[in-house]
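> any chance you can model this:
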Amino acid sequence: MIGLYDESVMEYETCLNSGGGLESLIGFCEASLAAGKDWITQGAFGRGSYFLNQLLEKAAQGLEYGGKAILWKLIGDTCFTLSKLESNFTIVKPPLLQDIYKKSALIDKRINDRAWSLQDPADDLFAQWLDEEGPLNSKIILSFSGMAYKSALSLLYNETGYSSAIADLWYDLGLSYYTRLEYEDSGNSRDVAMECILTSLQISPDVDIYWNAFGIVCAEKFPKLSQHAFIKAISLNAKVSHRYH
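Numbers count the residues shown, from 1 in each chain. Next up is the predicted model:
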């Protein structure tokens with residue numbers, strides 16, 4: 001059903017306009033992400049981009065409350081989704097991303113130095129764009145998603161009871177790095193992606209989508225390991241018989 005999540009977005013917006021706090025703002029962002037993805041799935045890319053940009057604006061406001069990890073996760077998901085659109089639909093306001101980037105710089109990267117130590121040449125794209133003030137493109141927005149996932153990982157690093165969320169973030173970060181292969185022929189994004197997804201498996205070894213992703217990422221360099229990962233994914237979720245994509 002087209003526009004399935006639009007009503008939820010409007011309800012949360014009403015709550016925010018009535019003085020709703022951080023929880024309402026997070027709800028608005030989650031509903032906006034769902035609405036944006038739904039419209040994009042239906043082929044309405046401009047409409048989808050509209051909802052995703054709304055999310056970025058509200059999430060930037062929400063970071064003033066102290067930088068909740070869930071907001072960084074939502075920013076990462078949004079930028080990852082926007083990076084897949086054609087440039088004429090990826091209408092992101094540069095000052096907005098600049099503001100979010102400055103908030104990320106305030107996070108103590110020593111808290112989770114492992115995540116921040118993972119580097120690929122594309123990690124510098126956004127900083128280079130800030131210096132040059134050129135047009136935004138999909139590669140830059142994709143690199144921004146990785147920064148957002150690392151920020152979320154830093155905020156959750158010392159928290160207890162969030163192991164599944166941390167595993168999900170490593171998985172998201174791995175997909176962000178792997179997707180960079182669509183834009184670059186060199187670099188080490190594949191190796192970094194493997195390390196990220198392997199970390200998610202070390203935390204939550206019984207999640208089939210992690211094994212499936214690991215199989216995809218390993219396929220070119222380590223075909224036997226890739227086959228093992230696909231078999232493991234199928235064994236964990238027998239209802240899904242087709243994993244090779």
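> what helices and strands are in contact with the lowest-mean-pLDDT helix or strand in the chain?
Here the helix or strand of the chain ranked lowest by mean pLDDT, DSSP states H and E is helix 125-132, holding a mean of 74. Other elements packing on helix 125-132 under the criterion 3 or more C-beta pairs under 8 Å, 6 or more residues apart in numbering; DSSP states H and E are helix 94-105, helix 138-156. Heads up, the C-betas are built off the backbone N, CA and C, glycines and all.
> list the buried residues for the first one?
In other words, helix 94-105. 97, 100-101, 103-104 (16 or more other C-beta atoms under 10 Å).
> what's the closest of those residues to L156?
Nearest to L156 among the buried residues of helix 94-105 is S104, at 14.6 Å by C-beta to C-beta.
> contacts only, for the closest residue in space to the closest one that isn't next to it in sequence.
Nearest residue to S104, sequence neighbours excluded (C-beta to C-beta, 6 or more residues apart in numbering): S151, at 4.8 Å. By C-beta atoms under 8 Å, 6 or more residues apart in numbering, S151 lies in contact with 67, 69, 72, 104, 107.
> so what's the residue count around the last one?
Burial of I107 is recorded as 19 neighbouring residues (other C-beta atoms under 10 Å).
> okay, and it sits in which element?
Using DSSP states H and E, I107 is not contained in any helix or strand.
> I figured it hits A152, correct?
No. Using C-beta atoms under 8 Å, I107 makes no contact with A152, being 9.6 Å away.
> pLDDT weak spots in this protein?
1-3, 66-67, 87-91, 111-112, 132-135, 158, 160, 185-186, 239-245 (pLDDT under 70).
> repeat the analysis, applying 80 as the threshold.
Within the chain, the ranges that satisfy pLDDT under 80 run 1-4, 20, 65-67, 86-94, 108-136, 158-161, 184-187, 238-245.
> so the residue with the largest distance to the centre of the chain versus E64, what's the distance?
In the chain, counting by C-alpha atoms, centre = their mean, S18 sits farthest out from the average C-alpha position, at 29.8 Å. Remark: distance between S18 and E64 (C-beta to C-beta, to the nearest Å) = 19 Å.
> likewise for G174?
If you go by C-beta to C-beta, the gap between G174 and E64 works out to 30 Å.
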